[in-house]
Every structure is written in structure tokens, then in C-alpha cells.
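Colleague: my questions are about this predicted structure, shown below with the sequence.
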Amino acid sequence: MAKTISKDTPLSEITLRRYEKPSTSSKRDLTRKVCLSIGLLQPGDSRDIIVDILQVLMDNKNEQLFMNSEEIKEKVISSRKKQKLPLKGVASSNVRRQLKRLRDIYLVENIRNQYRISEFEELHVIFKKQIKEFYLKNILERVEDYFKEVK
């Protein structure tokens, strides 16, 4: 009788990609590269609404404004129209799903259904403190545990 193997569901995961050094690109292009670099967006993916969501939240960081998902959605639609981009992925349910992905990687936080960049901090600081020193460190330690156990 064959044994049933438990589902191999990761506790956490991250994709990292290395690109050329940042050049003088538009803010949206730089935000897109951030999303590509940490696996929030796949290369060649035309459904890039997460880029606009992150950009809207970054634009509001200096004013320290919290926004609900519908306000974010409206700003994303406005931004995509200005840039003559298709309005793909702007459904409320998708905006909320993308916000959850940003929360899961600690870039965005939700306080009483209001969203902001985590602690209105600079993204490079969030990357260093939350992703590099906490999230990635924990993943690497667990991977190392498995390498040690394999004999």
C-alpha cells in the first residue's frame, strides 16, 4: 500500500532576480523592475497592475496618507489612463489580491482596511529590514537545515 505524502506547501517563499543597474528610467519603469526583482511580476507579464498599486502607495507616502482599496483602485485607473495603458486587472477583487501580495512581502501594511507603505518608510529600508534581514534570512536558515539533514 502506497503511503500518502503530505502536501509540500511552503511556509514562505521569495523569487529574486538580478537585472542591470538602475538607469534613468521613469518612476513606473523603476517600480516595475522592483516588482520583477522580487517576483511580484513575471518577465513578459502584461498584467502589471501591481506596479501601479505600489506606485500609488509610494506617491502617497510623503503625505502619510492611508488609502482604502477603492481609493487605490481609482488612482490606479487614473494613472493607467494618463499613461494610455489598458485597464486590465483593475477589478476591486484583483486590487485587494495584489495588496495582499504586497502585504505578504512586508512592503505594505493594512490598518483597519486602510493601506500604506509599511510605516511610511523608504522602500530600500523596508527591503533591508523586513525582506533581507528577516524574511530571506528565515528562508535561508530553513533551506540550510534541509541541506544539513540530507546525508
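Modeller: All right, it came through fine.

Colleague: please count neighbours and contacts with C-alpha atoms only from this point.
Modeller: OK.

Colleague: in the protein, where is pLDDT below threshold?
Modeller: Residues of the chain meeting the criterion pLDDT under 70: 1-6.

Colleague: just the helices in it please.
Modeller: Counting by DSSP state H, the chain has helices at residues 27-37, 49-59, 69-82, 92-104, 123-126, 137-149.

Colleague: can you pull the buried residues of the fourth one?
Modeller: To tie it back to what came earlier, the one meant is helix 92-104. Using 16 or more other C-alpha atoms under 10 Å as the test for burial, helix 92-104 gives 95-96, 98-99, 102-103.

Colleague: with distance to Ser46 added, can I get those residues in JSON lines?
Modeller: As requested, the buried residues of helix 92-104 are exported to JSON lines (distance: C-alpha to C-alpha, whole Å):
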{"residue": "Val95", "distance to Ser46": "16"}
{"residue": "Arg96", "distance to Ser46": "19"}
{"residue": "Gln98", "distance to Ser46": "15"}
{"residue": "Leu99", "distance to Ser46": "18"}
{"residue": "Leu102", "distance to Ser46": "18"}
{"residue": "Arg103", "distance to Ser46": "22"}
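
Colleague: centroid residue for this protein?
Modeller: Leu102 (3.7 Å; C-alpha atoms, centre = their mean).

Colleague: quick one: it and Val108 touch, right?
Modeller: Yes. Taking C-alpha atoms under 8 Å as the definition, Leu102 is a contact partner of Val108 at 5.5 Å.
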